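**Q** okay, sequence plus prediction incoming.
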Amino acid sequence: MNSTVLINIFRFLALLAVQVAVFNRLDLFGFLNPYPYILFILLSPVNGNKAVLLISAFFLGLFVDMFLNTGGPHSVACVVLAYLRPTIFKFAFGISYEYQTIKINDRLSPERFSFILISIILHHLILFQLEAFRFNLILSALLDTLYSTIFTLIICIITIYLIKPGKQ
Amino acid sequence: MQQILNFLYKNSITLLFLLLLGISLTFTIQSHSYHRSRAVSSANAVTGYVSEQINNVEAYFGLREQNEHLAFENAQLKRLLYNTQDSTNRPPVTLPNELGAFKVIQSKVIINSYNKQENYLTINNGAKDGIKPDMGVVSSQGVIGYIEQTSNGYATIISVLNKKFRLGAKIKKNNHFGTLIWNGKNTGFAQLVDVPRLATVIKGDTIVTGAESTIFPENIPIGTIEKVYIDKKTNYYTLDIRLFNDMTSLGYVYVIENKDRKEIEQLQQATTNE
């Protein structure tokens, strides 16, 4: 139990650091940035304390907001994602997910892939709409969501594979 | 009572979620609403320090470019120096106690942003170096923005590439005024709107800051005219301005303080109140 807490604290700090130092400054094609820091929310223990996850997700988003000077959209997106995570679990893995021992950071299966994809889309959709915050920009924000989702998805899957290669 | 407690306990996660969502949504809406209203910004000790360390590493990759900028600026200053008349030949003038109304503070951009609708920059000087909100920021090539918030050691800037940015500007040749804004589309171009139809606008003309701005000194270069439109609703010109600054790579900047600003604003306020 203690080691999972330590691992999660380490993950929080490491993902935040990498996001701030590397991914925020990529600017692929001049505008595209991935946000793989949400891996913290995706990878946190399935049956862990939900309140702790919500609060840590809020602060994770808040820190990213501070570094990006965005004002708040990252924390909104993170809090919503953390709250809806069990619902996405149910959708991706079936109703009885809590009784199975699911590991997200494992070899990629269709269930895991759909879980990661839906989470990223949800997070990015909220993030970009709140960042634009104007009705006449909805379309361009949707386009940004699409590009960024693809980019984040690739980075997330690569990260999962790099850190935890399948052991079976 | 028991039931209320039970209800709270059962729904504690949802209530916590709603609370956090409320807080973060408030931050977001505040940040979009008006000038200098953001609760969450990078002008604080932690994010400022971390960004500065990252920037220290990053700065090495842009040294050659920075050198070229500095050499170019030096050449311009040398040209000014060599072309001034010999001071002994000039009629004696009584120097004022203070040299002009403008004070310049040198600083460095540690966080740059240009791919959003509302872009903010962060510099590594703040209140302790005398930086206050609403001071102008320029680079050797032209206008960058103005200070939004300050902390002790850091300050955030509203960049030209921000939909909240407004600046009185004019066409250098014929002094016709307009307002400089950004339409959020291209990082290389800003827009000059509300230019009267009387004005002769020619592609390639230089745009500089206007005299009515209390933030910037007059005649700081901004960009050149790239395209001319006629706004059908208002019958004013809208001009696309190609910015002199490459807003995607900024290094050293200068913060300009107008010492007369308070006086001018007080006077204006007193006049409009009557």
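**A** That came through, no problem. Residues are numbered from 1 along each chain as shown, chains lettered A, B, ... in the order given.
**Q** could you tell me which residues of chain A lie near chain B?
**A** A:20-21, A:25, A:27, A:30-33, A:50-51, A:54-55, A:58, A:61-63, A:65-73, A:75-76, A:79-80, A:82-83, A:130-134, A:137 (Cβ under 8 Å from any Cβ of the partner chain). No exception for glycine: its C-beta is placed from N, CA and C like everyone else's.
**Q** for chain B, what's the nearest residue on chain A?
**A** For chain A, the residue closest to chain B is A:Gly71, as judged by Cβ to the nearest Cβ, at 2.6 Å.
**Q** so what's the residue count around that residue?
**A** 27 (other Cβ atoms under 10 Å in any protein chain shown).
**Q** please name the nearest non-neighbouring residue to it.
**A** The shortest distance from A:Gly71 to any non-neighbouring residue, by Cβ to Cβ, 6 or more residues apart in numbering or on different chains, is to B:Ser31 (2.6 Å).
**Q** and chain B, split by domain according to the record?
**A** Taking automatic domain parsing as the reference, chain B has its domains at B:45-83+B:103-163+B:250-259, B:167-243.
**Q** so for chain A, which of those sits nearest?
**A** Across these, closest to chain A is domain B:45-83+B:103-163+B:250-259 (Cβ to the nearest Cβ), at 3.8 Å.
**Q** indicate whether the closest one makes contact with chain A.
**A** Yes - judged by Cβ under 8 Å from any Cβ, domain B:45-83+B:103-163+B:250-259 and chain A are in contact via B:46-47, B:50-51, B:54, B:58, B:111, B:113, B:115-122, B:156.
**Q** where does the prediction get shaky in the chain?
**A** Since you didn't name a chain, this refers to chain A. A:1, A:30, A:95-107, A:164-168 (pLDDT under 70).
**Q** let's do chain B instead
**A** Those would be B:34-39, B:84-100, B:274, if you go by pLDDT under 70 across chain B.
**Q** tell me which element A:Ser148 is part of?
**A** helix A:138-163 (DSSP states H and E).
**Q** of the residues of domain B:45-83+B:103-163+B:250-259 next to chain A, just the buried ones, ChimeraX syntax please.
**A** Selection of buried members from these for ChimeraX, criterion 16 or more other Cβ atoms under 10 Å in any protein chain shown:
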select /B:47,50,51,54,111,113,116,117,118,119,120,121,122,156
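**Q** and B:Ile241, that one's in a strand?
**A** Yes - counting by DSSP: H, G, I helix; E, B strand; the rest coil, B:Ile241 is part of a strand.
**Q** list the beta-bridge partners for it.
**A** Partner residues in beta bridges with B:Ile241, using DSSP bridges, are B:Ala190, B:Ile225.
**Q** just to check, it is in contact with B:Pro221?
**A** No - using Cβ atoms under 8 Å, B:Ile241 makes no contact with B:Pro221, being 10.7 Å away.
**Q** identify the contacts common to those two.
**A** B:Ile207 (Cβ atoms under 8 Å, 6 or more residues apart in numbering or on different chains).
**Q** distance of the residue of chain A positioned farthest from its centre from A:His124?
**A** Using Cα atoms, centre = their mean, the residue of chain A lying farthest from its centre is A:Asn136. It sits 26.9 Å away. Distance, A:Asn136 to A:His124, using Cβ to Cβ, to the nearest Å: 20 Å.
**Q** so who does the residue nearest the centre of chain A touch?
**A** Nearest to the geometric centre of chain A sits A:Ile38, at 2.2 Å (Cα atoms, centre = their mean). By Cβ under 8 Å, 6+ apart, A:Ile38 lies in contact with A:78, A:81, A:119-120, A:123, A:152, A:156.
**Q** 10 Å instead, please
**A** A:15, A:19, A:57, A:60-61, A:64, A:74, A:77-78, A:81-82, A:116, A:119-120, A:122-124, A:127, A:152, A:156 (Cβ atoms under 10 Å, 6 or more residues apart in numbering or on different chains).
**Q** same thing with A:Val79?
**A** A:41, A:53-55, A:57-58, A:60-62, A:126, B:16-25.
**Q** repeat the analysis, applying 7 Å as the threshold.
**A** A:54, A:57-58, A:61, B:17, B:20-21, B:24 (Cβ atoms under 7 Å, 6 or more residues apart in numbering or on different chains).
**Q** how about the helices in the stretch 1-150 of chain B?
**A** Under the criterion DSSP state H, counting those that start in this stretch, the stretch 1-150 of chain B carries helices at the ranges B:2-10, B:12-33, B:45-58, B:63-83.
**Q** need phi/psi at the spatially closest residue to B:Lys103 that is not a sequence neighbour.
**A** Once flanking residues are discounted, B:Lys103 sits nearest to B:Glu257: 4.3 Å by Cβ to Cβ, 6+ apart. When read as degrees, to the nearest 10, the backbone of B:Glu257 gives phi -110, psi 130.
**Q** if we can go back for a sec, tell me the contacts of the residue of chain A closest to chain B?
**A** So A:Gly71 contacts A:65, B:27-28, B:31, B:38, B:40 (Cβ under 7 Å, 6+ apart).
**Q** how far away is it from A:Gly61?
**A** Distance of A:Gly71 to A:Gly61, given as Cβ to Cβ: 11 Å.
**Q** for chain B, which residue gets nearest to chain A?
**A** Nearest to chain A, among the residues of chain B, is B:Ser31, at 2.6 Å (Cβ to the nearest Cβ).
**Q** so A:Leu53 touches A:Ser44, yeah?
**A** Yes - counting by Cβ atoms under 7 Å, A:Leu53 does reach A:Ser44; the two are 5.5 Å apart.
**Q** B:Val193 is in what secondary structure piece?
**A** strand B:189-195.
**Q** after that strand, next one along is what?
**A** Downstream of strand B:189-195 (by DSSP H and E), the next one is strand B:206-209.
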